[in-house]
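Colleague: how would this look folded up:
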Amino acid sequence: MNIIKLLPATRLSLMLLVFNQVHANQLYETPVKENQFSASISAGSLMTDNAEKTLLEPIEERQDIYGLGLVADYSNWLVDADVDYQLHAQKFSEQSQADEEYADGSSVLVFGKEADPLALELEHSRRMLLRSPEEVTLLENQQEREMISARPIIRKRLSGADRIFLQGQASKVRFIEADGSQDSKRNGATFGWAHVTSKTSAMMLSSQQMDVSFDQQPDADYRMVNTALSYQVQLRKLDYSVQVGYNEISPETGEKQSAPSYNFSLGYASGYHLFTASADRQITDSSFGNGNLGNENPIPGSDGLSQNLGKIDRRNMALDFSTDAICDRCTFSVGASLVDDEYLERDEQARNNYLRSAFVYSLSSAAKLTLRVDQSKYDQDVNQVNREYTTDYLSLEYAYRFNNGFDIRLFSRKEERDGEGEVNNYQENIYGAILEYEF
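Modeller: Here you go, the predicted structure:
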């Protein structure tokens, strides 16, 4: 069992991804995967007592939400495909916002197997982000970030325990319905050597060069070179990996910058408990952010996006624990994460602390009740002026799945945001229902 979830599409995690593929290919037989396809259609309505999320003259409103979903997990002798998309249309009865359509999801298409000398990975994703971290989470304050990547790979087996590889990368970042000021391109290559040290462990040495260019701000272009050494152990109940490296950045204008990099991951699974922990440091920018990783947290974030384009020295930490030991019908989970950003071109720092917990109780094989408590605390230090915002979510959901493919969800949620000043503070109560059919 591989417990550790690595971060795809970032520089360091791409190295770890290749490292994992080599490790898994040489130590374990590839399991036969059952192909899965599903599509869904949904319609729902919610009532809110504060549609504009404000303290001044709140508006009651009905909001209708329609959705289409597509999930596919397919594999044959040549291709592996993983697809997960949700298309949404949201309408506002009192016109508190303009009606909106948007997409969220990702897909990965891989031509060639891990034992083949040649392969090609194609990846696409769309995510919703706040335009800036101080904005309230209205739909009109969010925008879609789209990423498209192509990664050709050449592999050469040197011995039963050694392999070298060369991986290219061409990526484009685009913000839908925006002015293009944050759009960027990334082109580069990674060369590495992987060595299996035992039946349960492997190591990898790699070097990467990445050229980053911005469509409308060429003065912000830069080149980054990274060298890293990785080591991973995979046991029956325990996984852990360690990666240490060094980044050097050569901007189009200005002096060179350098910083260490690291990525630590730990996972443990027993009969009732699952525990994961991770910490990493990486250089990114306000256009690329975390590479459009999926976000299971209900409180939207900006992922470093701000009005000013720039490079970010980012540190991430996360802890998660879940257990089924409390009772036969329930699962309890709790987690915490920290994203600490230092903007390299300007006197600005930002920190986002996130706390989450969930309690799921199965009333029957078809019905369950879910209680969630989430809190996001955002601190921003701009020119030695501190801004702090805390957002709390409390939600309760009842879900029932019928035998004919239909399921219904009844939910209620309370949101509260408190920060310095009253401009973006609010309280909101929401309740509603969603009917979904899965094909």
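Colleague: what about the helices in the protein?
Modeller: For the chain, helices defined by DSSP state H occupy the ranges 11-27.
Colleague: what residue in it is the furthest from its centre?
Modeller: Ser159 (36.0 Å; CA atoms, centre = their mean).
Colleague: how close does the closest residue to Ile299 other than its chain neighbours get to Val83?
Modeller: Using CB to CB, 6 or more residues apart in numbering and skipping residues adjacent in sequence, the residue nearest Ile299 is Ser376, 4.5 Å away. C-beta coordinates here come from the backbone N, C-alpha and C atoms, glycine included. For Ser376, the distance to Val83 equals 29 Å [CB to CB, to the nearest Å].
Colleague: repeat for Asn50
Modeller: 36 Å.
Colleague: neighbour count winner among those two?
Modeller: Asn50 (19 against 16; other CB atoms under 10 Å).
Colleague: related to what we said a few turns ago, check the gap between the residue farthest from the centre of the chain and Trp193 for me.
Modeller: Taking CB to CB, one finds Ser159 at 11 Å from Trp193.
Colleague: for stretch 401-421, which outside residues touch it?
Modeller: By CB atoms under 8 Å, 6 or more residues apart in numbering, the list of residues contacting stretch 401-421 from outside reads 44, 46, 53, 136-137, 366-367, 386-400, 424-439.
Colleague: so where's the stretch 201-350 of the chain uncertain?
Modeller: Regions of the stretch 201-350 of the chain meeting the criterion pLDDT under 70 are absent.
Colleague: can you show me the strands along it?
Modeller: Ranges of strands in the stretch 201-350 of the chain, per DSSP state E, counting those that start in this stretch, are 201-214, 222-234, 238-251, 257-269, 273-285, 311-323, 330-343, 348-362.
Colleague: want to throw the ones you listed into TSV with mean neighbour count?
Modeller: Shown next, in TSV, are those (neighbours: other CB atoms under 10 Å):
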stretch	mean neighbour count
strand 201-214	20
strand 222-234	19
strand 238-251	19
strand 257-269	17
strand 273-285	19
strand 311-323	18
strand 330-343	17
strand 348-362	17
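Colleague: can you list those in TSV and add distance to Tyr102?
Modeller: Shown next, in TSV, are those (distance: least, CB to CB, whole Å):
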stretch	distance to Tyr102
strand 201-214	24
strand 222-234	31
strand 238-251	33
strand 257-269	31
strand 273-285	23
strand 311-323	25
strand 330-343	23
strand 348-362	22
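Colleague: to Gly69, which of those strands lies closest?
Modeller: Distance to Gly69, taken as CB to CB, is lowest for strand 348-362 among the strands of the stretch 201-350 of the chain, at 20.9 Å.
Colleague: chain center to that closest one, what's the gap?
Modeller: 14 Å (CA atoms, centre = their mean, to the nearest Å).
Colleague: please save the CA atoms from that strand in PDB.
Modeller: What follows is strand 348-362 as a C-alpha-only set of coordinates in PDB (Å, rounded to 0.1, in the frame of the first residue of the first chain):
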ATOM      1  CA  GLU A 348       5.500  40.800   1.500                       C
ATOM      2  CA  GLN A 349       4.800  37.600   3.400                       C
ATOM      3  CA  ALA A 350       1.600  35.500   3.700                       C
ATOM      4  CA  ARG A 351       0.600  32.600   5.900                       C
ATOM      5  CA  ASN A 352      -2.500  30.400   5.700                       C
ATOM      6  CA  ASN A 353      -3.300  28.000   8.600                       C
ATOM      7  CA  TYR A 354      -6.100  25.500   7.900                       C
ATOM      8  CA  LEU A 355      -7.800  23.300  10.500                       C
ATOM      9  CA  ARG A 356     -10.300  20.700   9.500                       C
ATOM     10  CA  SER A 357     -12.300  17.900  11.100                       C
ATOM     11  CA  ALA A 358     -15.100  15.600  10.000                       C
ATOM     12  CA  PHE A 359     -17.400  13.000  11.600                       C
ATOM     13  CA  VAL A 360     -19.200  10.600   9.300                       C
ATOM     14  CA  TYR A 361     -21.900   8.300  10.700                       C
ATOM     15  CA  SER A 362     -23.500   5.500   8.500                       C
END
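Colleague: quick one, that strand and strand 311-323 angle?
Modeller: 20 degrees (axes from the mean of the first three to the mean of the last three CA atoms, to 10 degrees).
Colleague: quick one: strands adjacent to strand 348-362?
Modeller: Strand 348-362 sits in its sheet next to strand 330-343 (antiparallel), strand 367-382 (antiparallel), going by DSSP bridges.
Colleague: take the contacts of stretch 401-421 and keep only those in strands.
Modeller: 44, 46, 367, 386-400, 426-438 (DSSP state E).
Colleague: show the contacting residues for Arg356.
Modeller: Asn297, Ser333, Val334, Gly335, Ala336, Arg372, Val373, Asp374, Gln375.
Colleague: export these as a markdown table, with columns for distance to Val71.
Modeller: Formatted as a markdown table, those follow (distance: CB to CB, whole Å):
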| residue | distance to Val71 |
| --- | --- |
| Asn297 | 20 |
| Ser333 | 22 |
| Val334 | 27 |
| Gly335 | 24 |
| Ala336 | 29 |
| Arg372 | 22 |
| Val373 | 28 |
| Asp374 | 25 |
| Gln375 | 30 |
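Colleague: closest to Asp221 out of those residues?
Modeller: Asn297 (32.3 Å).
Colleague: so which residue is smack in the middle of this structure?
Modeller: Using CA atoms, centre = their mean, the most central residue of the chain is Leu293, at 2.2 Å.
Colleague: just read off the phi/psi values of that one.
Modeller: When read as degrees, to the nearest 10, the backbone of Leu293 gives phi -60, psi 150.
Colleague: same question, the one 10 residues further on
Modeller: Torsion angles at Asp303 (phi, psi; degrees, to the nearest 10) stand at phi 50, psi 50.
Colleague: what's the answer for the one 3 residues further on, then?
Modeller: Here the main-chain torsion angles of Ser306 (degrees, to the nearest 10) amount to phi -150, psi 180.
Colleague: hang on, the earlier thing: quick one: buried ones out of the contacts of stretch 401-421?
Modeller: 44, 46, 53, 136-137, 387, 389, 391-393, 395, 397, 399, 424-428, 430, 432, 434, 436 (16 or more other CB atoms under 10 Å).
Colleague: bridging residues for the residue nearest to Gly105 when sequence neighbours are not counted?
Modeller: Excluding the flanking residues, the one nearest Gly105 by CB to CB, 6+ apart is Tyr85, at 3.4 Å. Bridge pairing for Tyr85 (DSSP bridges) gives the partners Leu70, Gly105.
Colleague: counting neighbours, what do you get for Tyr85?
Modeller: 18.
Colleague: now the one 10 residues further on
Modeller: Gln95 is surrounded by 11 other residues when neighbours are defined as other CB under 10 Å.
Colleague: and it, how far from Gln143?
Modeller: Gln95 is 20 Å from Gln143, by CB to CB.
Colleague: can you give me the strands in the stretch 1-150 of the chain?
Modeller: 36-48, 61-75, 79-92, 100-111, 118-130, 142-157.
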